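Peer 1: 3D model of this:
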Amino acid sequence: MKTKIYITGAAGFIGFHTVKKFLDIGFNVHGFDSMNNYYDVKLKRSRLNILKKYKKFSFTKGMLENQKLLNQSVTKFKPSIFIHLAAQAGVRYSIDNPDAYLNSNIIGTFNVIKIAKKIGVKHLIIGSSSSVYGANKKFPFQEIDKTDHQVSFYAATKKSTESLAHSYSSLWKLPITMLRFFTVYGPFGRPDMAYYKFTKKILEGKKIDIYNKGKMYRDYTYVDDIVDGIYKLINKIPTLNSKKKFKNDSLSPVAPFRILNIGNTKKILLLDFINTLEKELNIKIKKNYLPMQKGDVYSTLSDSSLLKRITGYNPKTNYKIGIRKFLNWYLNYYKLKF
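Peer 2: Residues are numbered from 1 along each chain as shown. Okay, here's the model as predicted:
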């Protein structure tokens, strides 16, 4: 019998692709999602409708803060692997709406950790973010780098969940892996992300807002590469006092707990990303240059060599190919003739 996997954020961007990957392989998967209106709920429903076509998929709609509902759902399904991808996302949104991040990212994650411990899952994987590196100036970012200077409230909640998870792992010997995602993009993406907003405005003939004159770098990581990394990780369970040591390992000395970067390991200039959109769409972009925004950072770059050493992770998607795949999906999904 295939391993049973419980995935929160199942109707979200990364969650949807992760659920679909495991269903395609033949796993039994239970999804959990609030279906909130942070962005277009129709897009979330579209993702969920695809998943509901699979016989081995089941679903619970609810808030992570509803501990009773979450506990009932998890206890009934009895997963051995728990992948927690639900979160209130968005750096800029966190500036004006910090309460949403406290509730979902901290309280919600705490509820996930508690029920995972209660039922004794083999491996709890929790989505974190490259934003925890904050104002760090050393590149590429490594898991063993200090992460003491977050510059957005979103990043602060993600760092808090890492500390929360480590303490629980230490106390109860619950195997936990934290995954720090680096600027994930691709089909069925989040409409609040820059590349998605750019595409919409370009096709509408409107100006796009470009912060810091586009002089920012991001480690754009295609969603299929992210999902492949998650899949390869499920049976790579951190163990306390492991005899197998990896170079620059982030494995805790007091808990079965490890932090891993998962990125494309290449930094791309924002202007180059925009120019690729322009070339692929063959539309001259109208640009509105703006100063750096609060909570933003100039650059991110992942050192994902630890994940590679542990799982064989090898991101394959060049950002230009990834943009083309996203645009093909976008035009088809919104039924745009182009």
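
Peer 1: show me the helices in this protein, by range?
Peer 2: Along the chain, the segments classed as helices by DSSP state H run 13-25, 41-51, 67-77, 91-96, 98-101, 109-119, 153-172, 194-203, 223-233, 270-281, 305-311, 319-333.

Peer 1: could those go into a markdown table alongside mean pLDDT and distance to residue 2?
Peer 2: Using the backbone N, CA and C atoms, a C-beta is placed for each residue, glycine as well. Output for the helices of the chain, formatted as a markdown table (pLDDT from 0 to 100; distance: least, CB to CB, whole Å):
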| stretch | mean pLDDT | distance to residue 2 |
| --- | --- | --- |
| helix 13-25 | 98 | 8 |
| helix 41-51 | 97 | 16 |
| helix 67-77 | 98 | 13 |
| helix 91-96 | 73 | 37 |
| helix 98-101 | 82 | 35 |
| helix 109-119 | 97 | 18 |
| helix 153-172 | 95 | 26 |
| helix 194-203 | 96 | 34 |
| helix 223-233 | 98 | 13 |
| helix 270-281 | 96 | 38 |
| helix 305-311 | 98 | 19 |
| helix 319-333 | 98 | 29 |
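
Peer 1: of all these, which lies closest to residue 262?
Peer 2: Taking CB to CB, helix 223-233 is the member of the helices of the chain nearest to residue 262, at 4.8 Å.

Peer 1: residues in contact with that closest one: which ones?
Peer 2: Residues outside helix 223-233 that contact it (CB atoms under 8 Å, 6 or more residues apart in numbering) are 13-14, 17-18, 21-22, 25, 83, 125, 177, 179, 181, 184-189, 260, 262, 264, 304, 307, 310-313, 315-317.

Peer 1: go on, stretch 208-220?
Peer 2: Contacts with stretch 208-220, where a contact means CB under 8 Å, 6+ apart, come from 130, 182-183, 185, 197-198, 201-202, 263-271, 273-274, 285-293, 296-302, 319, 322.

Peer 1: list the buried residues in it.
Peer 2: 208, 210, 211, 214, 216, 217, 218, 219, 220 (16 or more other CB atoms under 10 Å).

Peer 1: again with stretch 285-300
Peer 2: Buried residues in stretch 285-300, counting neighbours by 16+ other CB under 10 Å, are found at 285, 295, 297, 299, 300.

Peer 1: which one of those sits closest to residue 245?
Peer 2: When those are compared against residue 245 (criterion: CB to CB), the nearest one is residue 300, at 27.4 Å.

Peer 1: quick check: that closest one vs residue 193, distance?
Peer 2: Residue 300 sits 14 Å away from residue 193, taking CB to CB, to the nearest Å as the criterion.

Peer 1: which residues does residue 287 bridge with?
Peer 2: residue 208 (DSSP bridges).

Peer 1: contacting residues around it?
Peer 2: Neighbouring residues of residue 287 by CB under 8 Å, 6+ apart: 207, 208, 210, 274.

Peer 1: and the first one, how far from residue 296?
Peer 2: The reference is to residue 207. 19 Å.

Peer 1: and the residue nearest to residue 79 when sequence neighbours are not counted, how far is that from residue 59?
Peer 2: Closest residue to residue 79 apart from its sequence neighbours, by CB to CB, 6 or more residues apart in numbering: residue 6 at 3.8 Å. Counting by CB to CB, the gap from residue 6 to residue 59 is 11 Å.

Peer 1: who has more neighbours out of these two?
Peer 2: Comparing residue 6 with residue 59 by other CB atoms under 10 Å, the one with more neighbours is residue 6, at 29 against 18.

Peer 1: quick one: that one and residue 85 touch, right?
Peer 2: No: counting by CB atoms under 8 Å, residue 85 is not a contact partner of residue 6; they are 10.8 Å apart.
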